[in-house]
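Engineer: 3D, please:
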Amino acid sequence: MTHERAEIVRDLVAILVAAVACPLALFGGALLGCATEGFNAQCAMNGVLVSPPILIAAGVVAAALTRGLWGYVWVFVGVIIGMVLIFVLTYLGGTLLPVDPVTGTIATIWFLAPVSIGYVLGRGGAWFIRAWRAAGEEKPKTT
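Structural biologist: I've put the predicted structure just below:
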C-alpha cells in the first residue's frame, strides 16, 4: 500500500472513531451512569461525568491515527457526523430529539471540546516522544 493511500485510510479511521465516539458517549454514558438507579436527573448527571473520558479517549486515538491541522479537520468532520448519527439513532429508536440550530451548535461544542482536548493531548504526547527519542539518539553511547 502506498504512503498516500495509508494516510487516507488513517484519516478515514480517525473520522470513524470520532463519529462513533459521540453516540457511544451519549448512550454509553447514560447506560453506565444509570445502570443501578434507573433513568432520573441524578443518573443524567452521572452520564455527563462518564461521557467526557470516552470523548477524550476518542480524541487521543484519532490523534494517533492522523496528524496536523488537516487531521484535526477530519476529527471535526467526524464529530459532526457523530452528532447527525445521534439524531438518526434517536429517530430510529422512536424518541426524536427536538433540535434547533442553537441547541445543535451548543451540543456540538459540548461534544467537540473533549475530543479536541484528547486530540491535543495525543499530538502533544507524540511530539514529546519524538523529541525524547531524537535527544536520546544524539547522545553518544558510553559503555
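Engineer: going forward, measure contacts between C-alpha atoms and count neighbours the same way
Structural biologist: OK.
Engineer: surely Gly122 and Ala57 touch.
Structural biologist: No. Under the criterion of C-alpha atoms under 8 Å, Gly122 is not in contact with Ala57, lying 9.1 Å apart.
Engineer: low-confidence ranges in the chain?
Structural biologist: By pLDDT under 70, the weakly predicted segments of the chain are 1, 29-48, 138-143.
Engineer: any idea which helix is longest in it?
Structural biologist: Longest helix in the chain, counting residues (DSSP state H): helix 101-138.
Engineer: packing partners for that helix?
Structural biologist: helix 41-65, helix 68-92 (3 or more C-alpha pairs under 8 Å, 6 or more residues apart in numbering; DSSP states H and E).
Engineer: what do you get if the cut-off is 10 Å, keeping everything else the same?
Structural biologist: Where contact means 3 or more C-alpha pairs under 10 Å, 6 or more residues apart in numbering; DSSP states H and E, helix 101-138 is packed against helix 3-23, helix 41-65, helix 68-92.
Engineer: got TSV for the ones you listed, with distance to Pro98 and mean neighbour count too?
Structural biologist: As requested, the helices and strands packed on helix 101-138 are exported to TSV (distance: least, C-alpha to C-alpha, whole Å; neighbours: other C-alpha atoms under 10 Å):
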stretch	distance to Pro98	mean neighbour count
helix 3-23	16	19
helix 41-65	18	21
helix 68-92	9	18
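Engineer: between those helices, which one is nearest to Arg133?
Structural biologist: Checking those against Arg133 by C-alpha to C-alpha gives helix 41-65 as the closest, at 17.0 Å.
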